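Enquirer: sequence plus predicted model, see below.
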Protein chains: 4
Amino acid sequence: MTQMKPFLSDNAAPVHPKVWEAMRAADSADNPYDGDALSAELDARFSDLFGRECAGLWVATGTAANCLALATMCQPHGGVVCHEEAHIEVDEGGAPGFYLHGAKLMLCEGEGAKLTPEGISALIGPIRDDVHQVQPHAIAITQASEYGRSYTLAEIEALSAFATERGLGLHMDGARFANSAAFLGGSAKDAAGPVDSLAFGFIKNGGMSAEAVVLFDPEQADLVKYRRKRAGHLQCKGRYLAAQVLAMLDGDLWLENARHANAAAQDIASGCGDRLMHPVEANELFVRLSPAEREALRAQDFAFYDWGEDAARFVTAWDTREDHAVALGKAIASL
Amino acid sequence: MTQMKPFLSDNAAPVHPKVWEAMRAADSADNPYDGDALSAELDARFSDLFGRECAGLWVATGTAANCLALATMCQPHGGVVCHEEAHIEVDEGGAPGFYLHGAKLMLCEGEGAKLTPEGISALIGPIRDDVHQVQPHAIAITQASEYGRSYTLAEIEALSAFATERGLGLHMDGARFANSAAFLGGSAKDAAGPVDSLAFGFIKNGGMSAEAVVLFDPEQADLVKYRRKRAGHLQCKGRYLAAQVLAMLDGDLWLENARHANAAAQDIASGCGDRLMHPVEANELFVRLSPAEREALRAQDFAFYDWGEDAARFVTAWDTREDHAVALGKAIASL
Amino acid sequence: MTQMKPFLSDNAAPVHPKVWEAMRAADSADNPYDGDALSAELDARFSDLFGRECAGLWVATGTAANCLALATMCQPHGGVVCHEEAHIEVDEGGAPGFYLHGAKLMLCEGEGAKLTPEGISALIGPIRDDVHQVQPHAIAITQASEYGRSYTLAEIEALSAFATERGLGLHMDGARFANSAAFLGGSAKDAAGPVDSLAFGFIKNGGMSAEAVVLFDPEQADLVKYRRKRAGHLQCKGRYLAAQVLAMLDGDLWLENARHANAAAQDIASGCGDRLMHPVEANELFVRLSPAEREALRAQDFAFYDWGEDAARFVTAWDTREDHAVALGKAIASL
Amino acid sequence: MTQMKPFLSDNAAPVHPKVWEAMRAADSADNPYDGDALSAELDARFSDLFGRECAGLWVATGTAANCLALATMCQPHGGVVCHEEAHIEVDEGGAPGFYLHGAKLMLCEGEGAKLTPEGISALIGPIRDDVHQVQPHAIAITQASEYGRSYTLAEIEALSAFATERGLGLHMDGARFANSAAFLGGSAKDAAGPVDSLAFGFIKNGGMSAEAVVLFDPEQADLVKYRRKRAGHLQCKGRYLAAQVLAMLDGDLWLENARHANAAAQDIASGCGDRLMHPVEANELFVRLSPAEREALRAQDFAFYDWGEDAARFVTAWDTREDHAVALGKAIASL
């Protein structure tokens, strides 16, 4: 039997051995919920990483992380500007509507699923300043974007300046934040820039069940803690989630894993030439491929999703085998 | 240094070795979310266990399990009858208000934190059948109760008959369902009786982060699946949660662990005599102890919580050492 | 001082004398809330009007009427398909998000702000049948549409057939339902067609503060009654609202008033020629007019709103003076 | 046929002639919603009346007024302390759960349905300061209370000091605020004391469909305006509501009407002696009367509600006939 070469997604990858190790080490009893010694380390660890004071809270999914962070900046009668193909709009089952008590997602266009001040301005400019229309309260961007694009520090700064000017909060959905940070040079600080909150993803990058809500205004931590409990997301054995996050931060495992995935993505990209629909700035590739071409690749045991009629999506992960990635790049080049 | 003899709670106990083993075995990639082979087994496994068709869905906390189940039976404008000291009222941070979109908990009295048809009838009888008053839609009971009491099959049947007559759903919060089942003779079927839904707890009993929502009307599974996603509780590596649940069900580990904890509770109880505030029908003890007596016990390295001014709560777990339990029983008897 | 010729909107018109009269006649005390004799008549009156059994409930605004009706057909985790320029999306301050507990409006394109089965199919077809994407539960159309267009009976029947096939509810926002009914020949039955619910507007058409939620599945009346109370919309002196509705139904005053407004709209339309952006099928006109032309009209004391850069909106009402309408038509023709 | 002497409630009384007059005078067109000249007067009028800057907003029901005001001081994850028999708990169909997005009402005991700092302290003192328990965010009192008792200025000041110390908002449900103000000497300022917000009732006191939300922190007006629209409570012909409120304020009609009702209540009280269950401090009486005695009164054409098994409730209104009240007092005295 031939072995599959998997590029379907990074969201079902195995757990990294060091994460397993850290979880097992957390087995001895400690205080329940987030009262344990490991959870207590998170604020300081994230503050160190980002070079500014912040609060770090574990939560089991990126959906919950995004929604809890957004609840600090958007009232139930307000709106959150996001890209029309943003994960929070398209793939979270309406979670923002639930967590924000009916607040509205305001859908913005933008190349590569990235937002710009100009794009947002065009969207919200015509909104009348009266109670008949939902007013924007916040902006949510995705790093890396839904098309695998990364925001540069300058771009985030421009969005932040715009947000500040309009009195809006700025949240970053960082399900693949590590991949962007790796692409941009390795600085978490630069990859987050001056956002107000970040959903820092670890699960796709080697974790099992722990993402972090990072709040750069630590005064918002209280609200998120109450809302996390209220959403049934305060696990009683929280130390196992904290252990995952700490294992990923230790020795910059998060960055190492992301670099590995990104390198594999570049291996593939090198064979794609003009077929690439978007520059590869993280660990996702969107490649123009006809049905027949996709069939040919699948006949060579490459597994991946179709992307519409004439394209495919390939995702690499922390455990993607280099030979698989190289082989895929070559296979595409040979089509 | 002396070793602590811990009776604080079962909610921070270590993960059982067989659960760890099962989780590690789930490491190889599979479909994400609940599309994996392990999650697919749950419906059949729970149907076997309960002897009637049901749907079984993993979720990371009991709070989420309870609330998702209640959402199948209580509309936003309705109410859920529960004991005035029920966990959903007292200790879930208002989660039912969130998940049920503002529905009301209707607080009922009852000996040992148990509800009876008479008690519920006295509470809801005076509610006028008009739109000015919130109407009950469901009843929630806790097995074992917040005072460690177990409902017998006959009691559950009586509640179910009452609920049916009044057109109410009947949910069971089973955070310590295993302990009641063990106490009542070992039958999951009898311990659940004819309830409509059950939040089946595994975490306190040796799991890490997986409880099950068991729906005895499988047609409700769809609603719970959409709401689970919407609440950010659909983990992408769901196979690790399914693995936990299956490991607990395999060879009735859930029952074995609960029996161990219950036996330890009885070891303690045997030394308590009249001090017991409630019969010990699971793994919790509420014991009249003066401040001086509690101090004396703590001086012997027993760890536990005060329960008001003149009592203490002791909780045993799957990993409680028999010698610790016996020692505690003797220490109390010697006071 | 010259007198203004007002075409701004129908939403601030005076109350019709017969409505005043009916309200005053309701002054003698009766049962509070909706227990009075007048409110009790509504079900039968609307059932007569529509030729099928229905429930009719007063409520103070069209926003509340729409949202309460939609709550009968859309769960919190679902979505309501509406036109991207629908009033519920653009002008109700996010009310559907509030009343539907975070459900999503799914925005559909369509000529003249009207929906078609084809358009809806194109929107919802690509939605994956999985929990990650919000599923449509209902369709909402506006009669007359936001551009003053009327759905014919055949069009509504086609939408209803489509909705039934897809398992969706079908609601009609009838803020200007009377104007459509008048345009279509005077039959309420035909203007509503087989919709599941209708927000029947009276306020713009001569009422003061009473619209009706008409539920063609009377079994849903209970839910709406509880939700109306819960939304603070059950007025204790409800008889004054019922009186308004009954006065409008008596002798078909609703139709007479709408015919008057529509006739005025046609008087204007006759002077507009190619300037009309949409056929005039109710009491609103959208007319291409340059800034200079609009200025010229305002210099002649016509009051109206700009519609973007190069157009204007004119709305007629039950009390529009015929000479004003004729004058406006001529003034536009003379530009 | 004999004429009924009605003491059922004040909530279905006729509209006062001066209110009718003001509404008719508002008939000429003006800006829609709250953009009209009458609505624009409210802030100043209430600021004058209360002697401190405030915002005044009309809304159609007391339920909406209470809930919108509470939304300024209670987050969805918080709680509102109120009396266990408070109208918002018992008779508003769960509206606070809806408007506050699942926040909890925390039920407090208190003589005469009045709260005291001591009572509240006893209720909230035991709440653990952790995320597992809902924390109080606000206190709601009712003036006059559900048993017709009035809070003195000193009592309100004590509650306000307590609220401030605990970081809680203080709201007053003033469905019968006028009756308390009249009882306490006629000063609106003293009857409200230093509360943060007031639902000022006019409907029971001669209005038709307008209460006022009075916000003593005018910065909260914006939030209430957005939420009012979102709740479907922004009526397009708002001038008719503003007209009602202004008519009630003009020449202190609100006070005159309340004095009339209170005097009638005292006329009855003078015949009740020991039968009174509560001091009569507004326009409601709770009177011990056996079934036979109640039957005897009804045989004399007095209409009223039973209050449990052995009592009755009598309510007077702005239009209660003095001879009816005197007759009732005598009839009770004669039993």
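Expert: Perfect, I can see it now.
Enquirer: can I assume A:Leu285 sits in a strand?
Expert: Yes - under DSSP: H, G, I helix; E, B strand; the rest coil, A:Leu285 falls within a strand.
Enquirer: contacting residues for it?
Expert: Applying CB atoms under 8 Å, 6 or more residues apart in numbering or on different chains to A:Leu285 gives the contacts A:Gly148, A:Ala265, A:Ile268, A:Ala269, A:Cys272, A:Leu276, A:Arg313, A:Phe314, A:Val315. To be clear about C-beta, it is placed using only N, CA and C from the backbone, and glycine gets the same treatment.
Enquirer: out of those residues, name the ones that lie in helices.
Expert: Of those, the ones assigned to helices by DSSP state H are A:Ala265, A:Ile268, A:Ala269.
Enquirer: tell me the one of these nearest chain C?
Expert: A:Ala265 (23.5 Å; CB to the nearest CB).
Enquirer: give the contact list for whichever residue of the stretch 201-335 of chain A sits closest to chain D.
Expert: At 4.0 Å from chain D, A:Lys229 is the closest residue in the stretch 201-335 of chain A, using CB to the nearest CB. By CB under 8 Å, 6+ apart, the residues touching A:Lys229 are B:Thr63, B:Glu92, B:Gly93, B:Ala95, D:Val131, D:His132.
Enquirer: okay, and it sits in which element?
Expert: Using DSSP states H and E, A:Lys229 sits within helix A:221-230.
Enquirer: what about that helix, distance to the chain center?
Expert: 21 Å (CA atoms, centre = their mean, to the nearest Å).
Enquirer: may I see the buried residues of it?
Expert: A:Ala221, A:Val224, A:Lys225, A:Tyr226, A:Arg227, A:Arg228, A:Lys229, A:Arg230 (16 or more other CB atoms under 10 Å in any protein chain shown).
Enquirer: angle of the strand ranked longest in chain A against helix D:221-230?
Expert: Assignment by DSSP state E gives strand A:135-142 as the longest strand of chain A. Angle, strand A:135-142 to helix D:221-230, by axes from the mean of the first three to the mean of the last three CA atoms, to 10 degrees: 90 degrees.
Enquirer: what angle do the helix or strand just after strand A:135-142 and strand A:135-142 make?
Expert: Using DSSP H and E, the next helix or strand after strand A:135-142 towards the C-terminus is helix A:153-166. Taking the same axes, to 10 degrees, one finds that helix A:153-166 is oriented at 170 degrees with respect to strand A:135-142.
Enquirer: check which element follows helix A:153-166 along the chain.
Expert: strand A:169-174.
Enquirer: got the angle between that following strand and strand A:135-142?
Expert: Strand A:169-174 runs at 30 degrees relative to strand A:135-142, counting by the same axes, to 10 degrees.
Enquirer: let me know whether strand A:169-174 sits next to chain C.
Expert: No - Strand A:169-174 lies out of reach of chain C by CB under 8 Å from any CB of the partner chain, never closer than 14.8 Å.
Enquirer: ok, now stretch A:231-243?
Expert: No - residues of stretch A:231-243 contacting chain C under CB under 8 Å from any CB: none, with a closest distance of 13.0 Å.
Enquirer: please export the C-alpha coordinates of that stretch as PDB.
Expert: The C-alpha trace of stretch A:231-243 is given here as PDB (Å, rounded to 0.1, in the frame of the first residue of the first chain):
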ATOM      1  CA  ALA A 231     -18.900  30.200  27.800                       C
ATOM      2  CA  GLY A 232     -18.000  26.900  29.400                       C
ATOM      3  CA  HIS A 233     -14.300  27.300  28.400                       C
ATOM      4  CA  LEU A 234     -12.700  27.400  31.900                       C
ATOM      5  CA  GLN A 235     -11.500  23.800  32.000                       C
ATOM      6  CA  CYS A 236     -10.900  22.400  35.500                       C
ATOM      7  CA  LYS A 237      -7.700  20.800  34.600                       C
ATOM      8  CA  GLY A 238      -6.400  23.900  32.900                       C
ATOM      9  CA  ARG A 239      -2.800  23.100  33.800                       C
ATOM     10  CA  TYR A 240      -2.800  20.800  30.800                       C
ATOM     11  CA  LEU A 241      -3.600  23.700  28.500                       C
ATOM     12  CA  ALA A 242      -1.100  26.000  30.100                       C
ATOM     13  CA  ALA A 243       1.500  23.200  29.700                       C
END
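Enquirer: now it, how far from the chain's geometric center?
Expert: The answer for stretch A:231-243 is 20 Å, by CA atoms, centre = their mean.
Enquirer: could you confirm whether any residue of it contacts chain B?
Expert: Yes - applying CB under 8 Å from any CB, one finds stretch A:231-243 in contact with chain B at A:Ala231, A:Gly232, A:His233, A:Leu234, A:Gln235, A:Cys236, A:Lys237, A:Arg239, A:Tyr240, A:Leu241.
Enquirer: host element of A:Leu198?
Expert: For A:Leu198, the element it lies in under DSSP H and E is strand A:197-200.
Enquirer: off-centre distance for that strand?
Expert: Centroid separation for strand A:197-200 versus its chain: 8 Å, with CA atoms, centre = their mean.
Enquirer: now stretch A:301-312
Expert: Centre-to-centre, stretch A:301-312 and its host chain are 22 Å apart (CA atoms, centre = their mean).
Enquirer: neighbouring strands - and their directions - for the worst-scoring helix or strand of chain A on mean pLDDT?
Expert: Every helix and strand in chain A was compared by mean pLDDT, DSSP states H and E; the lowest is strand A:5-6, with a mean of 91. Strand A:5-6 pairs in its sheet with strand A:302-303 (parallel), by DSSP bridges.
Enquirer: mean confidence for the strand it pairs with?
Expert: Average pLDDT, strand A:302-303: 97.
Enquirer: A:Ser47: neighbouring residues, count only.
Expert: By other CB atoms under 10 Å in any protein chain shown, 17 other residues sit near A:Ser47.
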